[in-house]
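**Q** Pasting the sequence and the predicted coordinates here, then a few questions.
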Amino acid sequence: MLDIECFTYLNRALESSLSPIVVFATNRGVCTIRGTDVVSPHGIPVDLLDRMLIIRTMPYSMEEVSCRRRSRRTRATPPTANDRSHLTLRPCHFQIMQIMSIRATAESIEIEDSALTALGDVGSRTSLRYAVQMLTPARILAETMGREQIAEQDVQEVDQLFFDAKASARLLARSEGYLK
């Protein structure tokens, strides 16, 4: 919760030649700005609010919620006290495939349907970020093999060559003395 002094500082920072990109996330309605008696939408001063691009977010659909419930049931181990990964909404397999298809099109990468399915599997198992990062090495591998399209075997080979962040952390945790 920001107060009027923070908003004043941000306003001044946004006027500089090296102005930062500031992202606000709020669920506040019309309320008072902290440190004042002024009522404003989202509790943000109107002069700062005028400079913002407001993006409306929508609640999760029933399909997304049911996908989350399925992935929660398929979890191999129960969450630990400090593990909050079970609280995040992870995209479903088909959503990952849609995102990967859009990303491949945007990057002018040709990809076979079987490779897209394999990337969906990888993204479901690890993370969407890791699956997206696999596109470039898979494309390079396909080009090295003289193909214009990424094939399923390219995705599998790249998945064997690289580790996602969680797999890397597990590997380091198991190797005694490595981090000492």
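**A** Yes, it's here. Residues are numbered from 1 along each chain as shown.
**Q** for this protein, what spans make up the helices?
**A** 4-14, 46-49, 62-73, 93-106, 113-125, 128-133, 135-144, 152-161, 165-174 (DSSP state H).
**Q** what's the most buried one of those?
**A** Ranked by mean neighbour count under mean count of other C-beta atoms under 10 Å, those are led by helix 113-125, which reaches a mean of 20. Heads up, the C-betas are built off the backbone N, CA and C, glycines and all.
**Q** Packing partners of it?
**A** The contact analysis (3 or more C-beta pairs under 8 Å, 6 or more residues apart in numbering; DSSP states H and E) places helix 113-125 against helix 93-106, helix 128-133, helix 135-144, helix 152-161.
**Q** cutoff 10 Å now
**A** Where contact means 3 or more C-beta pairs under 10 Å, 6 or more residues apart in numbering; DSSP states H and E, helix 113-125 is packed against helix 93-106, helix 128-133, helix 135-144, strand 149-150, helix 152-161.
**Q** by contact count, what packs against the second one?
**A** The reference is to helix 128-133. For helix 128-133, the packing partners by 3+ C-beta pairs under 10 Å, 6+ apart come out as helix 93-106, helix 113-125, helix 152-161, helix 165-174.
**Q** relative to helix 113-125, how tilted is the longest one?
**A** In this structure, helix 93-106 runs at an angle of 120 degrees to helix 113-125, with axes from the mean of the first three to the mean of the last three C-alpha atoms, to 10 degrees as the basis.
**Q** So for helix 93-106, mean pLDDT?
**A** The average pLDDT within helix 93-106 is 87.
**Q** just use 588 as the starting number from now, easier for me
**A** Will do, 588 is the new start, and the previous item becomes helix 680-693.
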